[in-house]
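# prediction below, plus the sequence it came from.
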Amino acid sequence: MKKILVTGGAGYIGSACSEYLLDLGYDVTVYDAFITGHRDAVDPRAKLVEGNLADKALITSVCRKGEFDAVMHFAAFSLVGESMKNPAKYFDNNLANAINLADAAVEGGVKTFVFSSTAATFGQPEKVPISEDDRQVPINPNGESKLCFEKVLEWYSRIYGMKYVALRYFNAAGATEFHGEDHRPESHLIPIILETVRGKREKLMLFGDDYDTPDGSCIRDYIHILDLAQAHELALSAPESGHYNLGTGNGLSVFEIIRAAEEVTGKKVNFEIAPRRPGDPARLIACSDRARKVLNWKPKYESASSIIESAWKWQLKFPEGYAR
Ligand code: UDP
């Protein structure tokens, strides 16, 4: 049974990934500071260490004692707009604190480091679908801090021999039976649409219908969190260090997501066209051939409706999100 340290296991993707690993029989320890995560999102089967990665002594001692086979690092901030207002917050946590973790992992003899990276490392893509080796020119500190840490891991793998796998998520979406999206405030499209349908919110502000896309709204590649979790587990046996883009390869516009949500819920989505959101590229679509070939990754949620349906079930089950 492999022992895995999951940082950010109280967050949206970290909690779903913990659930997935525990279902497969892994021994999971969650490390989380509960800044954006929720206590009730920590899988009850996991061990829990409450701590911040800024606390180098704590994370080092956890890694020294834990005998972990792998670290999965989800703990990070991820809001583009916030990163443009407060870059230090992003470089501190997503880079400096992550280096504390990487050092602790090396000290603890961890063999494999799986890192939650992001499509935001590519900035405005030169083409879609985006391949792993396309140019990475981030356009905000969120993407830049993640790219910097990818590079740190590359050097650590060369110098210390710790294998790393950087997984660049496109638009994480959907829910498991127990774990779903509960950001406060919520800023992501699908939960906002579903909150609008439930009457928790008056309307969706649709950020821009004048992009150079067929219907004028932005196109994204929505990928279910359990498919991301599957990729993390497969990454544990990746043959060598590397980077993988994770998306379905299907680009969907905001209008298409609205229509799919209307089909799933049987209700109309009230929306209003609003100005573009700064920093939003028109199209982000992943080419995930490498993950499919090398990791043998097979995403199961290929359609928008299956992803939205899972998020809808979760919102109906947890109308106020997590209690704590
Ligand atoms: N979006 C929108 N209204 C919202 C939130 C998002 O129109 O209230 C759009 C956003 O401009 C983007 C897409 O939905 O094109 C997905 O945004 P989200 O914040 O979910 O993810 P991101 O692409 O920023 O990672």
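Okay, I see it.
# flag every residue of the stretch 51-200 of the chain that's near the ligand.
V80, N171, S187, H188, L189, I192 (C-beta under 6 Å from any ligand atom). C-betas here are computed from N, CA, C, even on glycine.
# pull whichever helix in the chain runs longest out as PDB, backbone CA atoms only.
For the chain, the helix with the greatest residue count under DSSP state H is helix 141-160. Extracted C-alpha coordinates of helix 141-160, given in PDB (Å, rounded to 0.1, in the frame of the first residue of the first chain):
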ATOM      1  CA  PRO A 141       1.200  35.900 -11.700                       C
ATOM      2  CA  ASN A 142      -1.000  32.800 -11.100                       C
ATOM      3  CA  GLY A 143       0.300  31.200 -14.300                       C
ATOM      4  CA  GLU A 144       3.800  32.500 -13.800                       C
ATOM      5  CA  SER A 145       4.100  31.200 -10.200                       C
ATOM      6  CA  LYS A 146       3.000  27.700 -11.400                       C
ATOM      7  CA  LEU A 147       5.500  27.800 -14.300                       C
ATOM      8  CA  CYS A 148       8.300  28.800 -12.000                       C
ATOM      9  CA  PHE A 149       7.600  25.900  -9.800                       C
ATOM     10  CA  GLU A 150       7.500  23.500 -12.800                       C
ATOM     11  CA  LYS A 151      11.100  24.700 -13.400                       C
ATOM     12  CA  VAL A 152      12.100  24.200  -9.800                       C
ATOM     13  CA  LEU A 153      10.900  20.600 -10.000                       C
ATOM     14  CA  GLU A 154      12.800  20.100 -13.200                       C
ATOM     15  CA  TRP A 155      16.000  21.100 -11.500                       C
ATOM     16  CA  TYR A 156      15.300  19.200  -8.400                       C
ATOM     17  CA  SER A 157      14.700  16.100 -10.500                       C
ATOM     18  CA  ARG A 158      18.100  16.500 -12.200                       C
ATOM     19  CA  ILE A 159      20.000  17.400  -9.100                       C
ATOM     20  CA  TYR A 160      18.300  15.200  -6.500                       C
END
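# can you name the element that comes right after that helix?
Sequence-wise, the next helix or strand downstream of helix 141-160 (DSSP states H and E) is strand 163-169.
# mind listing the strands that next one pairs with, and their directions?
In the sheet, strand 163-169 lines up against strand 112-118 (parallel), strand 242-246 (parallel) (DSSP bridges).
# could I get those in JSON lines, plus columns for distance to L252, mean neighbour count and mean pLDDT?
JSON lines is the format used below for those (distance: least, C-beta to C-beta, whole Å; neighbours: other C-beta atoms under 10 Å; pLDDT from 0 to 100):
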{"stretch": "strand 112-118", "distance to L252": "18", "mean neighbour count": "25", "mean pLDDT": "98"}
{"stretch": "strand 242-246", "distance to L252": "16", "mean neighbour count": "24", "mean pLDDT": "98"}
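# which one, of those strands, ends up nearest to P129?
For P129, the closest of these is strand 242-246, at 8.2 Å, according to C-beta to C-beta.
# which residues sit against that closest one?
117, 119, 130-132, 150, 165-170, 223, 227-228, 231, 235, 286-288, 290-291, 294-295, 297 (C-beta atoms under 8 Å, 6 or more residues apart in numbering).
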